[in-house]
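In: Sharing a model prediction with you, sequence too.
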Amino acid sequence: MPICLPSFAGVAQPASGGGTPYVNEYSLSFDASDDFVSFGSVTALNSASAFSVSVWYKKASTSNEGMIVGSGTANPSFYIQHFNNNQIYIAFGNLYAAVTAAGDTNWHHAVYVADSGTHKLYWDGTDMSLGGTPPSTTGSTLGDTFYLGKWNTYAPHFGGEIDEVSIFDSALTASNVTSIYNSGVPNDISALNPVNWWRMGDNDGGTGTTVTDQGSGGNNGTLTNGPTFSTTVPS
């Protein structure tokens with residue numbers, strides 16, 4: 001299990017194995033109207049028996065119902081949505097599950113873990129005891145057109161900030177999730193070998209229209225319709 005290094009927003013922390021220090025200075029801000037980021041096809045989600053998706057998010061309004069992340073152009077598809085009735089919705093293939101979660105405008109961390117017909121949702125480091133049985137494999141199109149801020153052509157769009165999004169081609173353990181959550185402050189996850197890791201401006205200088213994939217997948221994201229870099233980050 002990787003050593004959990006404490007980190008603080010704006011303060012450099014040693015990166016795993018040396019190299020550039022880990023600093024979290026930026027997130028992406030979405031306007032709840034038409035902003036989104038497209039990453040193309042994330043093949044780690046296609047035909048896998050296990051995968052994990054981790055995301056930090058902060059709603060601008062308690063009433064916002066927008067999709068936080070979503071992918072898939074046909075069934076099966078996948079999304080995470082924090083609805084305005086204080087529930088987080090998960091869709092994976094024909095499975096639809098919901099759990100109650102605080103409907104505030106604070107930063108929160110969600111991790112969805114699917115593993116051969118079982119699944120879990122961790123919210124702020126806590127297992128939320130999802131019901132239902134997901135597909136045993138993801139299907140060949142689940143990773144098609146991975147988005148932040150929306151899902152496929154479905155509305156509404158997300159309003160607020162999203163930060164430190166990562167995808168793994170394995171099922172994260174509870175201790176892995178604890179390390180990533182790090183008591184509410186994003187941590188260096190490079191030792192966990194994410195296939196995709198989008199830092200929302202860090203490593204890109206908080207400028208431009210691209211977020212660079214820091215994982216092994218090479219799926220850079222394209223900012224569309226004007227999401228902006230923000231210095232509001234989990235801390």
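Out: Sure, I can see it. Numbering: from 1, shown residues only.

In: dump the residue contacts of the residue positioned nearest the centre of the chain.
Out: For the chain, the residue nearest the mean C-alpha position is residue 55 (2.6 Å; C-alpha atoms, centre = their mean). Shown in contact with residue 55 (C-beta atoms under 8 Å, 6 or more residues apart in numbering): 68-69, 80, 109-111, 162, 164-166. Backbone N, C-alpha and C define where each C-beta goes, glycine included.

In: now, among those, which is nearest to residue 153?
Out: residue 69 (15.5 Å; C-beta to C-beta).

In: what pLDDT does that closest one get?
Out: On pLDDT, residue 69 comes in at 96.

In: ok, and what's touching whichever helix or strand it is part of?
Out: Element membership for residue 69 (DSSP states H and E) is strand 67-71. Where contact means C-beta under 8 Å, 6+ apart, the residues beyond strand 67-71 that reach it are 42, 45, 53, 55, 57, 77-82, 110, 142-152, 154, 156-158, 162, 165.

In: Weed out the non-buried ones from the residues you listed.
Out: The neighbour-count test (16 or more other C-beta atoms under 10 Å) applied to the contacts of strand 67-71 identifies 42, 45, 53, 55, 57, 77-82, 110, 142-151, 156-158, 162, 165 as buried.

In: The contacts of residue 55 in strands, which ones?
Out: Counting by DSSP state E, these place 68-69, 80, 109-111, 162, 164-166 in strands.

In: can you list the residues you listed in JSON lines and add distance to residue 224?
Out: Putting the ones in strands among the contacts of residue 55 into JSON lines (distance: C-beta to C-beta, whole Å) gives the following:
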{"residue": "68", "distance to residue 224": "16"}
{"residue": "69", "distance to residue 224": "15"}
{"residue": "80", "distance to residue 224": "19"}
{"residue": "109", "distance to residue 224": "25"}
{"residue": "110", "distance to residue 224": "23"}
{"residue": "111", "distance to residue 224": "25"}
{"residue": "162", "distance to residue 224": "14"}
{"residue": "164", "distance to residue 224": "20"}
{"residue": "165", "distance to residue 224": "16"}
{"residue": "166", "distance to residue 224": "21"}
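
In: Tell me the secondary structure at the closest residue to residue 125 other than its chain neighbours.
Out: Leaving aside its chain neighbours, residue 125 sits nearest to residue 181 (3.9 Å; criterion: C-beta to C-beta, 6 or more residues apart in numbering). Per DSSP: H, G, I helix; E, B strand; the rest coil, the secondary structure class of residue 181 is helix.

In: rewinding a little: closest one to residue 195 out of the contacts of residue 55, please.
Out: Distance to residue 195 across those (C-beta to C-beta) is lowest for residue 166, with 8.2 Å.

In: just checking, the closest one touches residue 189?
Out: Yes. Under the criterion of C-beta atoms under 8 Å, residue 166 lies in contact with residue 189, with a separation of 6.1 Å.

In: which residues are common contacts for the two?
Out: Common neighbours of residue 166 and residue 189 (C-beta under 8 Å, 6+ apart) are 54, 180, 197.

In: ok, those residues vs residue 118, which is closest?
Out: Residue 118 has its nearest neighbour among the shared contacts of residue 166 and residue 189 in residue 54, at 17.7 Å by C-beta to C-beta.

In: count of neighbours near that closest one?
Out: As a burial measure, residue 54 scores 26 neighbours (other C-beta atoms under 10 Å).

In: cool, and the one 4 residues further on?
Out: Here the count is done by other C-beta under 10 Å, and residue 58 has 20 residues near it.

In: And stretch 115-128, end to end?
Out: Using C-alpha to C-alpha, to the nearest Å, one end of stretch 115-128 lies 16 Å from the other.
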